[in-house]
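Enquirer: let's see this in three dimensions:
(one chain, ligands or ions: 2)
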Amino acid sequence: MIVTIDGVAASGKSSVSSGVARALGIPYVSSGLLYRAATLLGLEARLDLGEAAPLLSHLQMLPLRLEPLPEGNRIWQGERDLTPQLHQSAVDAGVSAVAAHPELRAWVDEQLRRLPPPFVAEGRDMGTNVFPQAGAKFYLTASPRIRAERRAAERPEDVDAIEAALVERDARDRVQSAPAPDARVIDTGPLSLEEVIAEILKGVKG
Ligand SMILES: Nc1ncnc2c1ncn2[C@@H]1O[C@H](COP(=O)(O)OP(=O)(O)O)[C@@H](O)[C@H]1O
Ligand SMILES: Nc1ccn([C@@H]2O[C@H](COP(=O)(O)OP(=O)(O)O)[C@@H](O)[C@H]2O)c(=O)n1
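Expert: Ligands and ions are numbered 1, 2, ... in the order given. Here you go, the predicted model:
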């Protein structure tokens, strides 16, 4: 079984996926962390994130390992846990440029398709491009203000700055972020986290 949960930035994908996966007793996989790890390593090596080839060869020298823990995924590069650094604002600001390269998307997709089902996969194009065969697909939305208020609890910046950055990232991600035609779209704005998880579990169990 594969369940896909896609959606816009800070719509609740990873928290919801973690809850759904725990209820089902299966792992969840956070595809955005691979794009974030590629961005972090590119920034640390002072590479131009607008150029795919040097970034890709750099990544090929530093193989990454995605650890799909139920309470939150981690990304390792050898013995180094990159996870604590993946949600800094510099990574937020650079990641869409990295995700726009078809070569980088192929690099991420290859790692995801190697994972043995069952799992819940979350990101932007899990239900459309990476796992079109998934048995249950969901797409989360919420207004930019609500998403910014939720994220403000996790970031040092103020709500207005976070909202502006989210809207800009949504626009840059639009190409790969359309809901699959067979995905159920859920507005998480008026719902609690538990209600969103329950709604999805109802859909999965039919
Ligand atoms: N109704 C809700 N649905 C989903 N997430 C919610 C909800 N209410 C609050 N949140 C919180 O929103 C924050 C952002 O969620 P997150 O899972 O990081 O989103 P994403 O993975 O889409 O960026 C988390 O702190 C989460 O607990
Ligand atoms: N399947 C995916 C997942 C993420 N991404 C890219 O990776 C970035 C970070 O994704 P994320 O899911 O960690 O970000 P949030 O939605 O949690 O803020 C997105 O803004 C996209 O640019 C993508 O292009 N395709």
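
Enquirer: CA only for contacts and neighbour counts going forward, please
Expert: Will do.

Enquirer: with adjacent residues omitted, what lies nearest to the residue nearest the centre of the chain?
Expert: Centroid-nearest residue in the chain: residue 32, 3.1 Å away (criterion: Cα atoms, centre = their mean). Sequence neighbours aside, residue 123 is the residue nearest to residue 32 in space, at 5.7 Å (criterion: Cα to Cα, 6 or more residues apart in numbering).

Enquirer: thinking again about what came up before, for the residue nearest to the centre of the chain, phi and psi?
Expert: phi -60, psi -30 (degrees, to the nearest 10).

Enquirer: ok, now which ones touch the residue of the chain positioned farthest from its centre?
Expert: Within the chain, residue 206 marks the point farthest from the mean C-alpha position, 25.2 Å out by Cα atoms, centre = their mean. For residue 206, no residue meets the contact criterion (Cα atoms under 8 Å, 6 or more residues apart in numbering).

Enquirer: repeat that for residue 48.
Expert: By Cα under 8 Å, 6+ apart, the contact list for residue 48 reads 42, 55.

Enquirer: list, one by one, the residues from the chain near ligand 1.
Expert: 9-16, 150-151, 188-189, 191-193, 196 (Cα under 6 Å from any ligand atom).

Enquirer: from ligand 2, how far out is the residue farthest from the centre of the chain?
Expert: Using Cα to the nearest ligand atom, to the nearest Å, residue 206 is found at 25 Å from ligand 2.

Enquirer: ditto for residue 147
Expert: Residue 147 is 10 Å from ligand 2, by Cα to the nearest ligand atom.

Enquirer: can I assume that residue sits in a strand?
Expert: No - counting by DSSP: H, G, I helix; E, B strand; the rest coil, residue 147 is not part of a strand but helix.

Enquirer: before we move on, what SS does the closest residue to it other than its chain neighbours have?
Expert: Closest residue in space to residue 147, ignoring its immediate chain neighbours: residue 10 at 5.5 Å, by Cα to Cα, 6+ apart. Here residue 10 is coil, with the state taken from three-state DSSP.

Enquirer: how many other residues sit next to residue 10?
Expert: 19 (other Cα atoms under 10 Å).

Enquirer: same thing with residue 119?
Expert: Using other Cα under 10 Å, the number of residues around residue 119 comes to 21.

Enquirer: from residue 173, how far out is the residue nearest to residue 32?
Expert: 11 Å (Cα to Cα, to the nearest Å).

Enquirer: ditto for residue 41
Expert: For residue 41, the distance to residue 173 - Cα to Cα - is 20 Å.

Enquirer: cool, and residue 146?
Expert: Taken as Cα to Cα, the span from residue 146 to residue 173 is 19 Å.

Enquirer: so who does residue 160 touch?
Expert: residue 148.

Enquirer: what do you get if the cut-off is 6 Å, keeping everything else the same?
Expert: The contact partners of residue 160, taken as Cα atoms under 6 Å, 6 or more residues apart in numbering, number zero.
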